[in-house]
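Trainee: Provide a 3D model corresponding to the input given below.
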Amino acid sequence: MSSLVKEVSHTEFDAEVLGADRPVVVDFWAPWCGPCRLVAPEIDKLAAKYSDSVKFVKVNVDENRDVAIRYGVMSIPTIAKFERGRLVGQVIGARGADALAREFGLA
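Mentor: Got it, this is the predicted structure:
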């Protein structure tokens, strides 16, 4: 995981994501999830390219079930975009950095 992508817990989620002053892309993942391991370097690529205007965080769903349940995460990887404290977009399944950038309007 890149230093530009922060792992957050359920106790940090509200401040780090909902209270952020810029859009936040959240990678909901688990260590045992193969597709999640494919997405991680793609999130790192996005963070390297867009971290000046977008914040990137990861939430381990095994350790933070309440956050996953709150946002209806039923399958992982789920990548979500939050703006001004609201969920505005969500992608389920492994995608490359370019596809995620298009999906979330980053490109």
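Trainee: how near is the closest residue to residue 4 other than its chain neighbours to residue 6?
Mentor: Of all residues not flanking residue 4 in the chain, residue 47 sits nearest, at 3.7 Å (C-beta to C-beta, 6 or more residues apart in numbering). No exception for glycine: its C-beta is placed from N, CA and C like everyone else's. Distance, residue 47 to residue 6, using C-beta to C-beta, to the nearest Å: 9 Å.
Trainee: quick one: common contacting residues for these two?
Mentor: Shared contacts of residue 47 and residue 6 (C-beta atoms under 8 Å, 6 or more residues apart in numbering): residue 56.
Trainee: Show me which of these two is the more surrounded one.
Mentor: residue 47 (22 against 15; other C-beta atoms under 10 Å).
Trainee: Check that one and give its pLDDT.
Mentor: With respect to pLDDT, residue 47 has a value of 96.
Trainee: The helix or strand it falls within - contacts with which helices or strands?
Mentor: Assessed by DSSP states H and E, residue 47 sits inside helix 34-50. Secondary-structure packing of helix 34-50 (3 or more C-beta pairs under 8 Å, 6 or more residues apart in numbering; DSSP states H and E): strand 5-7, strand 24-29, strand 55-60, helix 97-103.
Trainee: The residue lying closest to residue 45 once chain neighbours are set aside and residue 70, how far apart?
Mentor: Of all residues not flanking residue 45 in the chain, residue 97 sits nearest, at 4.0 Å (C-beta to C-beta, 6+ apart). Separation of residue 97 from residue 70 (C-beta to C-beta): 27 Å.
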